[in-house]
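*Asks:* any chance you could fold what I've pasted below:
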Amino acid sequence: CGQMLADMGADVIKVERAPGGDDTRRFGEGEQGDSAAFAMMNRNKRGIAINLKNPDGRDVLLKMLEDADAVLENYRADTLSKLGLGYEDLKVHNPGLIYCAISGFGRTGPYASRGGYDLIAQGMSGLMSITGEAPGREPVKVGAPVTDITAGILGALGVAAAYAHKLKTGEGQMVDTSLFEAGITH
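*Replies:* Numbers count the residues shown, from 1 in each chain. Have a look, this model is predicted:
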């Protein structure tokens with residue numbers, strides 16, 4: 001989602017956890033230190049590492065979001081709310097903020113608190129039931145991480161639609177999608 005928005009010209013600041021940063025930095029490090037996967041997914045973005053569990057780190061993020069158009073997050077439901085950084089918390093500071101949440105299974109329902117991964121979403125959404133070598137054989141994962149990719153596309157489209165609404169009204173909105181929903185769209 002962030003990659004697509006950055007490619008379209010949005011000023012995207014990726015917030016990585018501190019300490020450690022994004023694990024994909026170390027997926028087969030390249031000549032410049034970061035992996036090719038990290039470089040591809042984070043092109044056109046700026047970055048900062050913040051410990052959101054630290055009050056000072058939380059304050060840094062709140063300051064960044066004072067005049068931001070959108071924030072994207074991919075935590076389990078209510079993770080950021082517990083830190084005072086959920087949609088309801090942030091829209092008090094910035095009523096025009098577009099809050100995009102991409103999770104494994106959405107914000108409501110019996111699986112809302114579960115983490116999600118592409119392979120799990122492919123299986124649980126039924127997507128893998130239409131793949132495989134032949135009838136009666138085991139399902140096969142789609143080669144590309146299609147629920148990850150599609151959830152990002154759905155999120156970016158939701159942010160773009162919410163931004164069009166914001167330009168007319170000044171109001172922000174909550175955008176919510178999931179890997180599971182992305183699997184069902186296929």
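
*Asks:* CA-only coordinates of the worst-scoring helix or strand of the chain on mean pLDDT in CSV, if you can.
*Replies:* Lowest by mean pLDDT, DSSP states H and E among the helices and strands of the chain is helix 36-41, with a mean of 87. Presented in CSV, the C-alpha positions along helix 36-41 are these (Å, rounded to 0.1, in the frame of the first residue of the first chain):
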residue,chain,number,x,y,z
ALA,A,36,16.7,-6.4,-2.7
ALA,A,37,13.2,-7.1,-1.3
PHE,A,38,13.5,-4.3,1.2
ALA,A,39,14.7,-1.9,-1.5
MET,A,40,11.9,-2.8,-3.8
MET,A,41,9.1,-2.5,-1.3
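
*Asks:* so where's this protein uncertain?
*Replies:* 29-32 (pLDDT under 70).

*Asks:* C-terminal to the least confident helix or strand of the chain, what's the next element?
*Replies:* strand 45-50 (DSSP states H and E).

*Asks:* need the next SSE after that next one, C-terminal direction.
*Replies:* helix 55-65.

*Asks:* picking that back up, what residues of the least confident helix or strand of the chain count as buried?
*Replies:* Within helix 36-41, the residues scored as buried using 16 or more other CB atoms under 10 Å are 38, 41. C-beta coordinates here come from the backbone N, C-alpha and C atoms, glycine included.

*Asks:* same question for stretch 151-164.
*Replies:* For stretch 151-164, by 16+ other CB under 10 Å, it's 151-152, 154-156, 158-160, 162-163.

*Asks:* hmm, who's touching stretch 14-30?
*Replies:* Contacts to stretch 14-30, defined as CB atoms under 8 Å, 6 or more residues apart in numbering, come from residues 2, 33-39, 41-42, 45-52, 57, 61.

*Asks:* how does it look with 10 Å?
*Replies:* Identification of contacts with stretch 14-30 by CB atoms under 10 Å, 6 or more residues apart in numbering yields 2-3, 6, 33-42, 45-54, 57, 60-61, 64, 71-73.
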